[in-house]
Structure formats: C-alpha cells, structure tokens
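Trainee: sharing a model that was predicted from the sequence below.
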Amino acid sequence: MQLLYVLLFARARRAPIAVTDGPMAERPRPAALEKVGVQNGGTLPWSLRDAEKVDGIATGVAIPNAITTAGTAWLPNVTANRLGLGLENGDADLRGYCAKTAPVPGSCSQSSCGSWKLRTLRSCVARCQGCERCHFVSFSRRHRDCSWFFDCDLSRLGQSDSGESFRTFAVAKSSPRPSVMPPQPQLIIGMGVVPPRLQYLPHVLSSFARQTRPPDRILVATPVTYLRFNVTGAFRTQLAAVVGRFPMVEAVPCAMDMGPGSKLLCTLHRALKLTALASNRETALVLADDDAVYHPWALQRLDAAVRQNASQSYTYFRGHSLGPISAAHPKSGLIMGQGVDLFSIPLHAGMARQQAARALAFFSTLQEYDERYFYHDDVWISIWLQDQLRLPICSVDVPDGAALAWRSAAPSGNWHDAAGLFSLQDARLQRGPLTGALSQARRVWLSKTRDLSVPYVTPPCAPVCVCANLK
C-alpha cells in the first residue's frame, strides 16, 4: 500500500513536457502558464488541458506566455479577445482554425501562412519556432495538418470543414513581433451602370456604405452613349441624383460604351490618379457589378488579403476557369475572377497613366480574335491580368456559414431577375458554349505573342490567409 501511494504521488508531481525556444527539452511548465496578468490588473487561470487531449503531451504554446514575453501592440489584444469568449476558467477550448490554407508550406521569410504535413503537435510547434513569420498554429491530428500563420484573431476561429478537429495556439518566440501595422490600403470601387439597372444602383451603393471597412472611393462609369441601350435625359438626371446622395461616389464619364468591361476601362485612368495622390498606401481597384448587394464583410476580407500581398488580384469567385492551352502546357490554365464576386486589381503609384489606354488597346485586340469578348469582361480581364500583366489571381474565402459575398439586388432576391433585364438571348453568347471558343481565341493570341516552344505557365498565386470569421 505504501509503495502504491509513493508511485501515485510521484506521478502527480511529474511535470509535463514543455516546448520552448530552441531545441525541445523536458522542463517544468513555465509559471506564466498557470496564472497570467491581464490588462485590467486581474488574473486569469490557465491550463494546457486541450493540448494534452490533442497530442498526449503538454506544450509551451501558451498564449499568456507569448503575451508576457512579446509585449507588442498586437498580442495584448489577443488577451482581450480571449476574455471576450468568456474563458474564465482553465478549460480554454480553442477549437477551430485561424483560416483555411492551401496545401503548400509557404515562405518563412515572406508568406503570411502555410501548411505542413505533421503527425504531432510537438513537431508542429517546433517547426513553427524555427519559422521566422510563424506565430500561430492550427493543428489537426486527424488530418495531420499543421497550418501556420503570421497573424490570427483567436476570437474568430473557423469551424467548418472539420474545423472541430483543429486546435489553435499562439507560439512563444524569443524575439518579439513587429509592432508596426502596415497602413490601410486604398480600396477604390470601379463599377458601371446600365439604364435597366439604374433602379438597383441605390441598393448597391448603400451596401458599400454599410461595409465594416468602407471603400475610399466609388467610381461609376457613365458612357456618353450606350451601344446596347437608348439613353434619355431622364436617365442622366436620375443617375446624377443617385450619385449625389453618396459623398464617396463619383461619376466618371467616358466617350464610348465598352460593354461590361466599362467598369475597368472607364475608371482605370481616374483610379491611377487617386493612386498617385496616396503614394504611401497600397491601392486596389475593386471591380463590382450593378446588380449585386454586397455583404458588410466583403471589403474587410479583401482589405486583409491586400495587406498581406498587394501585388496580386483577389476575388471571391471559385467557379469555372479556362483549361490549359494544350497538353504541352499543363500549367497554362486561366484562373477566373468576376465582378459580381468582387475582383481586385493591384495599382501602384509608379504605374504609368498610359496603362488605361493600354488596357483599352488590349481589349480591342482580343475582340479581333473573337468579338464576343465584348460581352464577357470577366474572361478578358482575367486574360489581361495573367497573360499580359503577369499578375496572379487568388481566391479569398468567404466567412464560415456564408455561400457568396453578395445577394441579388432584385427585390425578389433572384439574381436572374436583375441580370436578365438585358440578357442576350443569342445562344452563342451564353457562357457554356463560349468557354471553348474564348479558350481557343486565347490560345491563338498567345501563340502570336509568346514563345510557346517552352512550357507556358500562368502566374501562380501566393496563398494569403484571411481569418475564418473576419467580418
């Protein structure tokens, strides 16, 4: 009996393994993990019970430890976020992930996130400690997934797609994180409006006014004449009245109607001027449609993506794409973006003002290969970005529980009621039959403008991570 008591006492006294900076070693759990001071002077009891549940061991991945050692402008806010979850006791259950990641490791010197295939939380934490930009990990033993992040809002962890199998931790590092946040990028909305959809424009503009991250400016393209519609004086009077109701909105006249692509071709020159005036900030021209009402979080999530990498285009669209131009060029497929799902285009102060004229020339050239590009701005703009400017297009995830970044502006809520106001009935202009034709036109254009004796590769996207429930 005495022997049994001694064994039980010894087992109770044994400290769990703690992973700290440098090589992993067995040592007692830091006192900072047991009780941590919070900003209001109180204390918060803590434990690593969940880490033990995940991997059978305790690890030094304690958020309180990171807070007390880093002392930066970011990490103290993590304490407030956790308190906002009502975690008064030591059973902190940080189930979920910071954001969805692509199955690529990412760059520890440049990326904002990545994913490693690892079996244990111990190895996940150790890998993070050796990665310069890793400060948070979301680990799933079931999926053998160690996703790492530069930043993470621990009050908004994702739960969809097996999110319950993930646990998320801040990782203690010996060197503090940078305390300077990058300046907020300038987001300029570029959109057009056609006479049948003028009735929806107030709803579309109101949805941008309600954004949790409002746009810096909204540019509405207004052609002098429309190729597809008769324009009356009453239309222009009503348009001016709608625009005048929103201080951030500016009507941008253009000499001719260039189809749905007017949202880019008519507004780009003005957007470049605004970019030059804000040379200390990154700028993106965000294309939008005049038949969609956008959810309040739509621009906030694009803002987060642009902050991480301002040299890429972003869209919520995850639909079809044009396939490779041939079997000899397997990585030449075209990723698609589209305005209804928002479609950001990176601009910078050094970009030539002539870029607007060059975009128009490119648009005209593609129509020589297939005139139907006039109606399909999503396709030709995607070609212009990736094949002409060599800029990647990247998808941004919608928050957990959301399907799209928008809803129809029509009172019925049916997108076809708004989009169908001037839908082209000619079957040859429908998207399905067009896919092969426009892909062939792209193939012919590339064969005349690129050296296809070597494999042609569409510029790849560098993954960015937007917190799962950022709204």
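Mentor: Thanks, I have the structure now. Just so it is clear, the model here is predicted, and its values are computed rather than measured.
Trainee: the closest residue in space to P105 that isn't next to it in sequence and R127: what is the separation?
Mentor: Excluding its sequence neighbours, the residue lying closest to P105 (C-beta to C-beta, 6 or more residues apart in numbering) is G114, at 4.8 Å. In short, each C-beta sits where N, CA and C put it, glycine included. Applying C-beta to C-beta, to the nearest Å, the value for G114 to R127 is 10 Å.
Trainee: just want the most central residue of the chain.
Mentor: Nearest to the mean C-alpha position of the chain, counting by C-alpha atoms, centre = their mean, stands V396 at 3.5 Å.
Trainee: thought F317 was touching that residue, still the case?
Mentor: No. The pair V396 / F317 is not scored as a contact, 9.4 Å apart, by C-beta atoms under 8 Å.
Trainee: now for S321: which residues touch it?
Mentor: Applying C-beta atoms under 8 Å, 6 or more residues apart in numbering to S321 gives the contacts G333, L334, I335, M336.
Trainee: ok, how many other residues are close to A240?
Mentor: 11 (other C-beta atoms under 10 Å).
Trainee: would you report the backbone torsion angles of it?
Mentor: phi -60, psi -40 (degrees, to the nearest 10).
Trainee: let's number from 6 now, not from 1
Mentor: Sounds good: first residue 6 from here, last item A245.
Trainee: so where do the strands sit in the stretch 206-355 of the chain?
Mentor: 222-228, 254-259, 288-292, 297-299, 318-320, 348-352 (DSSP state E, counting those that start in this stretch).
Trainee: okay, the closest residue in space to V199 that isn't next to it in sequence and D382: tell me how far apart.
Mentor: Once flanking residues are discounted, V199 sits nearest to F234: 6.1 Å by C-beta to C-beta, 6+ apart. Distance of F234 to D382, given as C-beta to C-beta: 17 Å.
Trainee: these two: who's more crowded?
Mentor: Using other C-beta under 10 Å as the criterion, F234 and D382 rank with D382 on top: 25 against 14.
Trainee: surely that one and G266 touch.
Mentor: Yes. Between D382 and G266 there is a contact at 3.7 Å, judged by C-beta under 8 Å.
Trainee: and the helices in this structure?
Mentor: Here the chain has its helices, by DSSP state H, at 7-18, 54-60, 68-75, 80-89, 126-134, 206-214, 238-249, 267-270, 273-282, 303-313, 360-374, 382-388, 420-424, 436-454.
Trainee: among these, which gets the worst mean confidence?
Mentor: When the helices of the chain are compared on average pLDDT, helix 68-75 comes out lowest at a mean of 30.
Trainee: check contacts around P464.
Mentor: Per C-beta under 8 Å, 6+ apart, neighbours of P464: Q391, R395, L396, P397.
Trainee: gap between the closest residue to the second one other than its chain neighbours and L394?
Mentor: Once its chain neighbours are removed from consideration, R395 has its nearest residue in P464; the separation is 5.2 Å (C-beta to C-beta, 6+ apart). With distances defined as C-beta to C-beta, the gap from P464 to L394 amounts to 9 Å.
Trainee: before we move on, what about T125?
Mentor: Going from T125 to L394 by C-beta to C-beta gives 43 Å.
Trainee: what of H353?
Mentor: 12 Å.
Trainee: between the two, which is the more surrounded one?
Mentor: L394 (17 against 14).
Trainee: let me see the contact set for the more buried one.
Mentor: Neighbours of L394 in contact, by C-beta under 8 Å, 6+ apart: none.
Trainee: so how far is S316 from it?
Mentor: With distances taken as C-beta to C-beta, L394 is found 11 Å from S316.
Trainee: please parse the protein into its domains.
Mentor: Using automatic domain parsing, the domain parsing of the chain gives 24-175, 191-454.
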